[in-house]
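1. After the sequence you'll find the predicted model.
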Amino acid sequence: MYAKYEFGLELRKKVWQKESIIKIAQWAYKVYSNNLGQDFEGNLDQVLLDLNTMELGDEYSGLYKSLNKIAEDLILGKDVDLNLKEYGGSL
């Protein structure tokens, strides 16, 4: 099972390193596709797909604060709904 905690740690590291949003989006999809056939904890599969949509435009360039919140909540084992305002609204 691919765990929220594991992904959250990796995401937080990428955010702290200020990797480009496009690279983070592509990485999220790679994680998703590399783990197909396995179970994802909670709604992590949907989170990965939603994060992948960030590569579609420059309007996501200021999302590091939201990405950090997502990472922290995943590390804590929380379900994340990217449509909620606390995560910056709809990705």
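-> Looks like it came in fine.

2. Point me to the residue sitting farthest from the middle of the chain.
-> Of all residues in the chain, residue 37 sits farthest from the chain's C-alpha centroid, using C-alpha atoms, centre = their mean; the distance is 19.2 Å.

3. any idea how far that one is from residue 28?
-> Taking C-beta to C-beta, to the nearest Å as the criterion, residue 37 is separated from residue 28 by 18 Å. Backbone N, C-alpha and C define where each C-beta goes, glycine included.

4. Kindly report the same for residue 17.
-> From residue 17 over to residue 28 (counting by C-beta to C-beta), the distance is 15 Å.

5. ditto for residue 52
-> Noted for residue 52: a distance of 5 Å to residue 28, by C-beta to C-beta.

6. Then residue 55?
-> 9 Å.

7. and what of residue 70?
-> Distance, residue 70 to residue 28, using C-beta to C-beta: 10 Å.

8. Likewise for residue 9?
-> From residue 9 over to residue 28 the distance is 14 Å, taken as C-beta to C-beta.

9. Between the two, which has more neighbouring residues?
-> The residue with more neighbours, out of residue 9 and residue 28 and counting by other C-beta atoms under 10 Å, is residue 28; that gives 23 against 14.
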